[in-house]
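S.K.: Model the structure of this input:
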Amino acid sequence: MGRVTDAQEFDPAPLAAWLTRNVPGYAGTLRVTRFAGGQSNPTFRLSTPGGDYVLRRKPAGAVLPSAHAVDREFRVQRALAGSGVPVPRVRALCTDPTVIGSMFYVMDYVDGRIFWDQSLPGLDRTERAAIYDAMGATIAALHRLDAAALGLADFGRPGNYLARQVARWTAQYRASETEPLAAMDRLIEWLPARLPPRETPALVHGDYRLDNLVFHRTEPRVVAVLDWELSTLGDALADFAYHCMSWRINPASFRGLAGFDLAALGIPTEQAYVAAYCRRTGQAFPVADWDVYIVFGMFRIAAILQGILKRALVGSAASAQALEEGRRARLVAEQAWEMARALGTLH
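M.R.: Numbering: from 1, shown residues only. Presented below is the predicted three-dimensional model:
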């Protein structure tokens with residue numbers, strides 16, 4: 001029986017016993033291997049003679065309050081089954097920390113392609129355009145869903161989403177602060193006065209990006225949306241703008257597209273991508289306060305990166321690359337503050 005051998009180590013034997021009791025059809029020798037990538041909830045492939053599963057766990061050790069909510073991930077994916085937004089089939093949730101050391105859930109393994117480089121090397125122009133179109137269509141489909149009809153009417157607090165998000169990520173940033181970041185301090189002062197006055201209520205993913213999608217092996221089709229930890233009821237435009245930060249961010253900072261010759265690659269411009277989303281969702285184009293949404297998204301990812309850095313420094317990080325990834329918080333925050341300064345201080 002394979003044994004996990006990193007900072008999130010656990011004994012597979014109690015897990016196998018739990019799977020036998022809680023996952024119908026589970027049987028056979030269990031082999032556990034860690035997935036590469038990802039900085040939040042440690043994720044493992046559970047290989048068995050009859051098929052593979054995926055386990056997502058809350059990190060072992062001290063974590064920030066309200067973070068790493070694997071139970072929310074489980075709930076939203078179960079609700080989305082058959083909705084038209086593709087998600088893995090979830091099997092069971094374990095809230096007993098004695099099994100492997102923290103809460104976890106198990107879902108089916110979905111075979112397919114995951115693209116880590118947003119410039120999509122190895123694909124031709126037509127394929128890249130189709131991948132981006134499918135990615136845009138999927139988030140638009142998510143934002144058109146009726147959360148109440150899915151049983152998710154209580155999945156988040158109504159109203160004032162952006163203001164609450166700024167407060168939440170300010171608190172998360174302060175809790176994980178390791179050194180002064182002047183840009184973050186300025187953004188924390190600037191954002192409350194510049195938040196868009198209207199919101200578009202929707203079920204939001206919270207971390208929608210290319211490498212959180214599984215594509216069909218041969219077709220430009222999304223077969224699963226992963227990593228629902230930050231999902232909630234929120235503002236569709238804030239969720240979409242967070243996704244669109246890629247067009248503004250340099251690859252050296254955080255998985256960006258800035259500096260690429262998009263026309264040569266066959267990847268749509270930010271404007272074209274946003275226009276397609278607006279057509280699919282009925283939003284007005286151009287989007288009012290679009291750049292403010294982008295600044296908010298950058299502030300949010302900087303706070304997330306700072307949390308990754310803090311976990312790396314205290315030894316509870318989810319991956320070996322956490323220290324390098326977390327140090328990018330400064331770069332993203334400084335770019336966000338430069339954008340904010342250009343927008344001015346008042347509506």
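S.K.: which SS state does residue 260 fall under?
M.R.: Look at residue 260: counting by DSSP: H, G, I helix; E, B strand; the rest coil, its state is coil.
S.K.: do you know how far it is from residue 121?
M.R.: When distance is defined by CB to CB, to the nearest Å, residue 260 is 11 Å away from residue 121. Backbone N, C-alpha and C define where each C-beta goes, glycine included.
S.K.: Could you do residue 269 as well?
M.R.: Residue 269 is 19 Å from residue 121, by CB to CB.
S.K.: show me where the stretch 151-300 of the chain has helices.
M.R.: 161-176, 182-194, 236-244, 251-254, 262-265, 270-281, 290-314 (DSSP state H, counting those that start in this stretch).
S.K.: Enumerate the positions of the third one that are buried.
M.R.: Of the residues in helix 236-244, 236, 237, 238, 239, 240, 241, 242, 243, 244 count as buried by neighbour count, 16 or more other CB atoms under 10 Å.
S.K.: Can you show me the strands along this protein?
M.R.: With DSSP state E, the ranges of strands along the chain come out as 31-34, 43-48, 51-57, 90-94, 104-108, 201-204, 213-215, 222-225, 232-235.
S.K.: Compile those into TSV and extend it with columns for mean pLDDT, distance to residue 293 and mean neighbour count.
M.R.: Output for the strands of the chain, formatted as TSV (pLDDT from 0 to 100; distance: least, CB to CB, whole Å; neighbours: other CB atoms under 10 Å):
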stretch	mean pLDDT	distance to residue 293	mean neighbour count
strand 31-34	93	35	16
strand 43-48	96	29	19
strand 51-57	96	28	21
strand 90-94	98	31	19
strand 104-108	97	31	22
strand 201-204	97	12	23
strand 213-215	98	21	22
strand 222-225	98	21	21
strand 232-235	97	9	22
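S.K.: between the ones you listed, which gets nearest to residue 298?
M.R.: When the strands of the chain are compared for distance to residue 298 using CB to CB, the nearest one is strand 232-235, at 16.0 Å.
S.K.: Who are the packing partners of the closest one?
M.R.: Secondary-structure packing of strand 232-235 (3 or more CB pairs under 8 Å, 6 or more residues apart in numbering; DSSP states H and E): helix 161-176, strand 201-204.
S.K.: Now do the same contact list for the spatially most central residue of the chain.
M.R.: Nearest to the geometric centre of the chain sits residue 207, at 2.6 Å (CA atoms, centre = their mean). Residues in contact with residue 207 (CB atoms under 8 Å, 6 or more residues apart in numbering) are 227, 229, 230, 242.
S.K.: now with 7 Å?
M.R.: By CB atoms under 7 Å, 6 or more residues apart in numbering, the contact list for residue 207 reads 227, 230.
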